[in-house]
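J.: Coordinates for the following, if possible.
(3 chains)
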Amino acid sequence: MTPVAKGALFVFTAGCLSYIFLKVPAAQGFANPDLARLVTMHLPCAYVALVAAVIAAWHGIAYLRKRDLSSDIKSYVGAKIAFLYCFLTTITGSMFAKVQWGSYWNWDPRQTAVAVLLLVYAAYFTLRASIEDPERRAALSAVYVLFASILTPMLGYVIPTFFIDQSLHPKFAKFDLSYRMAIYPMAIALTWHLVWMFRLSVRAEKVNQAIAELELTSEGGMA
Amino acid sequence: MNLMTVELTLASLTKRYGGRKILNKLELTAAGGEIIGVFGPNGSGKSTLLRCIAGLLRPSAGDVKLRVNNADCSAPALLRSMVGYVSPELNLYPELSARENLQFFAAVTSRPSKPIPELLAHVGLGKRLDDPIGNYSSGMRQRVRLALAALHEPAILLLDEPGLALDEAGQEVVLTMIREQQKRGGIVILATNDQRERELVQRHIHVG
Amino acid sequence: MWVKETLAIAGKELRTEWRSRVALASLGLFVACSIALVALSTARIPLNGEGGKEIGSQIAAALIWIQVCFASAMGLGRAFVVESERGTMTALRLHTRATAVWAGKFIGNTLLLLGVCVITVPMTCGVLGVTVKHPFALIAVVILAAIGMGAVFTTTGALVAQTSARGGLLAALSFPVLLPAFVSGVDGTLRAIGWRLSASSAFLDTSGGILVQLLSYAVLAIAASLLLFDAIWND
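T.: Below you'll find the model as predicted:
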């Protein structure tokens, strides 16, 4: 990213945050109307986590079709970012639950689903660490990330939407204009961050692999 | 299977493990009736090469191309069904007898297979066909591996140290198998350090 | 052809298992121990009277599925690990089609899992003094959950067999993916036992949705496995 783009990202993010802290009104009807503003952070984080999860799965499919190891790196980086944003979603959600409903954790279906995603990605990183052959590691990690992507939406989307009536999460949220004005730009800002992090991490990962290869070749040369 | 033409091509075949290159841009073209040796010290990648040709291991770069009777058989799943593979790392089910093992593999394979009594008679297991393989000596197990490799009349016979643990008569079985595969118009790829087996080799590639 | 190959693999699974009885023996012991622990620990909880009965049925629904999950993680994941440890995986890969292997192993695993349930479910209910109000509903819940879980363990077991980690990794990979079936299984068991249902109300009226959840999970797990197993088997 060029310095100008970085500057623009900084100004945009700062603008979003200032709007949230200075202009968004307290939401009446909550136990703590002031802290209801947390939702303007919580929702964009959940959205970016979903985008990153889709990126991980998408590049997983790409690897299995084309067998290009750079797809594997992209899938891996996508999973890392998804893990980070699942974590942030959980933290902001727990804070919201604590101030509004008095408990950090309620085993709400969506809450459980994000926790499960955290476990899925943790298992995914462990799986990667336990396979030495790069081609096999790429294929098996892609399989697991896709397998989990097919089965975990059951918990986070299908069951809460079609089978459960009482949930802490609204099925179809309706926000005031002032909240939408905060949530949408914040989602754009975080997506912009996601793109930046993604490209940077992919490059870093490629450099890491090239260095590892160089070191091994030079060792071989000396022996 | 009736083998009219068999062509195997390795095109800049490369296999890396964690950055270490085991196989580096190997090239080979072989046609039916050829016996190719794979030579190199222990740990040089002979077995890795054979696993790549068998479709058991995916190359990091380059291709394994196989054409049988002018049909392309290079996809890993097809490649596997076209090879007979003998290796110390391939084992059969110890709870099942030699006969049951071969019957099982004949039942699951999608290709037509040879009559099992004939196969077993060929490798000379004698009267212990119905004992569980777990009770066999290592030489006898090697004979069952040879029988399994010949089960569906492969286009390529991949032999990784085929004489391992075999007595004089057993080694004769290996030599006969190699000659028969050659006569049928199939390819033999042989990784070995045994002198008598090496004498059959027409040309060789060196790895490591 | 595909059916014949699948049945040959399932038959081989059952035959080798019957001759060695390694998984059967360890699973049997595991189930016996876990039920003994359930009996011992819940003997300290007073479960008499109407209130006690209610608590008993809630505990039973949770304990049944915890036991089944851990028993499966120990017994079922071995199906492919054993092949890889003994070197029979190579022979199997050379001679079989991916989907037939998956289906054959899946049949073997699901039968083993149902065997675990046949012992665990009635024994746990018995130990906790639970009377099941809708036995057929309970059977349906158990069968559907077992099919979904069998499919997941077959696929994760195959993944783990290709790695160097094995044992611990299987539970880590399977449990998060299994959770939808686990949650629906506990819900369904609670309802089938009759928790908060009057004796007269039909199970399907109030809880049919749970069966739909379990069925769709099973279908999804089987479809996803068949789609992805090729990639596990070819690498």
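
J.: how about the nearest residue to residue B:178, chain neighbours excluded?
T.: What sits nearest to residue B:178 in space, not counting adjacent residues and going by Cβ to Cβ, 6 or more residues apart in numbering or on different chains, is residue B:188, at 5.2 Å. (Each C-beta comes from the backbone N, C-alpha and C, glycine too.)

J.: Now that neighbour. Its backbone dihedrals?
T.: When read as degrees, to the nearest 10, the backbone of residue B:188 gives phi -120, psi 130.

J.: give me the number of residues near it?
T.: 26 (other Cβ atoms under 10 Å in any protein chain shown).

J.: For it, list the residues it contacts.
T.: B:34, B:35, B:36, B:156, B:157, B:159, B:178, B:181, B:182 (Cβ atoms under 8 Å, 6 or more residues apart in numbering or on different chains).

J.: Tell me how far the first one lies from residue B:187.
T.: What it means is residue B:34. To residue B:187, residue B:34 is 6 Å away according to Cβ to Cβ, to the nearest Å.

J.: The two: which is more packed in?
T.: Counted by other Cβ under 10 Å, residue B:34 and residue B:187 do not tie: residue B:187 has more neighbours, with 25 against 18.

J.: give me every residue that touches the more buried one.
T.: Counted by Cβ under 8 Å, 6+ apart, residue B:187 has contacts B:6, B:8, B:30-36, B:155-157, B:181.

J.: Can you tell me the closest non-neighbouring residue to residue B:144?
T.: residue B:98 (4.9 Å).

J.: isn't that neighbour right up against residue B:126?
T.: No: Residue B:98 lies out of contact with residue B:126 (Cβ atoms under 8 Å); the separation is 10.4 Å.

J.: Compare neighbour counts for those two and give me the winner.
T.: residue B:98 (26 against 9).

J.: a helix runs through residue C:131, doesn't it?
T.: No: using DSSP: H, G, I helix; E, B strand; the rest coil, the assignment for residue C:131 is coil, not a helix.

J.: tell me the SS of residue B:127?
T.: Residue B:127 ends up coil, using three-state DSSP.

J.: The chain: strands as residue ranges?
T.: You didn't say which chain, so I picked chain A. For chain A, applying DSSP state E gives no strands.

J.: actually it's chain B I care about, not the one you picked
T.: B:6-17, B:20-31, B:35-39, B:61-68, B:71-72, B:83-86, B:156-160, B:187-191, B:203-206.

J.: Which neighbouring elements make contact with the fifth one?
T.: This means strand B:71-72. Using 3 or more Cβ pairs under 8 Å, 6 or more residues apart in numbering or on different chains; DSSP states H and E, no helix or strand is in contact with strand B:71-72.

J.: hmm, who's touching that strand?
T.: B:65, B:66.

J.: quick one: average confidence on it?
T.: Averaging pLDDT along strand B:71-72 gives 92.

J.: Would you list the strands that that strand pairs with, along with their directions?
T.: Here strand B:71-72 is paired, per DSSP bridges, with strand B:61-68 (antiparallel).

J.: quick one, what contacts residue A:20?
T.: So residue A:20 contacts A:37, A:40, A:41, A:182, A:186 (Cβ under 8 Å, 6+ apart).

J.: Check what pLDDT the nearest residue to the first one once chain neighbours are set aside gets.
T.: For residue A:37, ignoring the flanking residues on the chain, the nearest one in space by Cβ to Cβ, 6+ apart is residue A:24 at 5.3 Å. Predicted confidence (pLDDT) at residue A:24: the value is 81.

J.: ok, back up a step: go through the contacts of residue A:20 and name the one nearest chain B.
T.: Of all the contacts of residue A:20, chain B sits closest to residue A:41, with 40.5 Å by Cβ to the nearest Cβ.

J.: So which elements touch the lowest-mean-pLDDT helix or strand in chain B?
T.: The weakest-scoring helix or strand in chain B, judged by mean pLDDT, DSSP states H and E, is helix B:195-200 (a mean of 86). Secondary-structure packing of helix B:195-200 (3+ Cβ pairs under 8 Å, 6+ apart): helix B:168-184.

J.: Okay, the residue nearest to residue B:178 and residue B:174: tell me how far apart.
T.: Distance from residue B:188 to residue B:174, by Cβ to Cβ: 11 Å.

J.: Spit out the residues that contact those two alike.
T.: residue B:159.

J.: pLDDT weak spots in the chain?
T.: The chain I'm using is chain A. A:156-157, A:159-168, A:170-174, A:216-223 (pLDDT under 70).

J.: Chain C, not that one
T.: Ranges of chain C meeting pLDDT under 70: C:166-167, C:196-201.

J.: How about the residues of it by chain B?
T.: C:1, C:4-5, C:8-9, C:12, C:15-16, C:19-20, C:86-88, C:90-98, C:100, C:230, C:234-235 (Cβ under 8 Å from any Cβ of the partner chain).

J.: Quick check, central residue of chain A?
T.: residue A:49 (2.3 Å; Cα atoms, centre = their mean).

J.: who touches that residue in this structure?
T.: Residues in contact with residue A:49 (Cβ under 8 Å, 6+ apart) are A:82, A:85, A:86, A:88, A:89, A:114, A:117.

J.: measure the last one to residue A:109 for me?
T.: When you say that, I think you mean residue A:117. 13 Å.

J.: same thing with the second one?
T.: Distance from residue A:85 to residue A:109, counting by Cβ to Cβ: 19 Å.

J.: quick one: buried residues of stretch C:147-158?
T.: C:147, C:148, C:149, C:150, C:151, C:152, C:153, C:154, C:155, C:156, C:157, C:158 (16 or more other Cβ atoms under 10 Å in any protein chain shown).

J.: Count the neighbours of residue 110 for me.
T.: Picked chain A for this. Neighbours of residue A:110 (other Cβ under 10 Å): 18.

J.: I was thinking of chain C, sorry if that wasn't clear
T.: The number of residues packed near residue C:110 is 22, by other Cβ under 10 Å.

J.: Please, which helix or strand holds it?
T.: If you go by DSSP states H and E, residue C:110 is part of helix C:98-127.

J.: Show the buried residues in the residues of chain C next to chain B.
T.: Looks like these have C:5, C:8-9, C:12, C:16, C:20, C:88, C:90-98, C:100, C:230, C:234-235 buried, using 16+ other Cβ under 10 Å.

J.: Is stretch C:153-161 positioned near chain A?
T.: Yes: Stretch C:153-161 reaches chain A (Cβ under 8 Å from any Cβ) through C:155, C:156, C:159.

J.: Tabulate those residues (CSV), appending secondary structure and distance to residue B:47.
T.: Listed next are these as CSV, based on DSSP: H, G, I helix; E, B strand; the rest coil; distance: Cβ to Cβ, whole Å:
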residue, secondary structure, distance to residue B:47
C:155, helix, 28
C:156, helix, 28
C:159, helix, 24
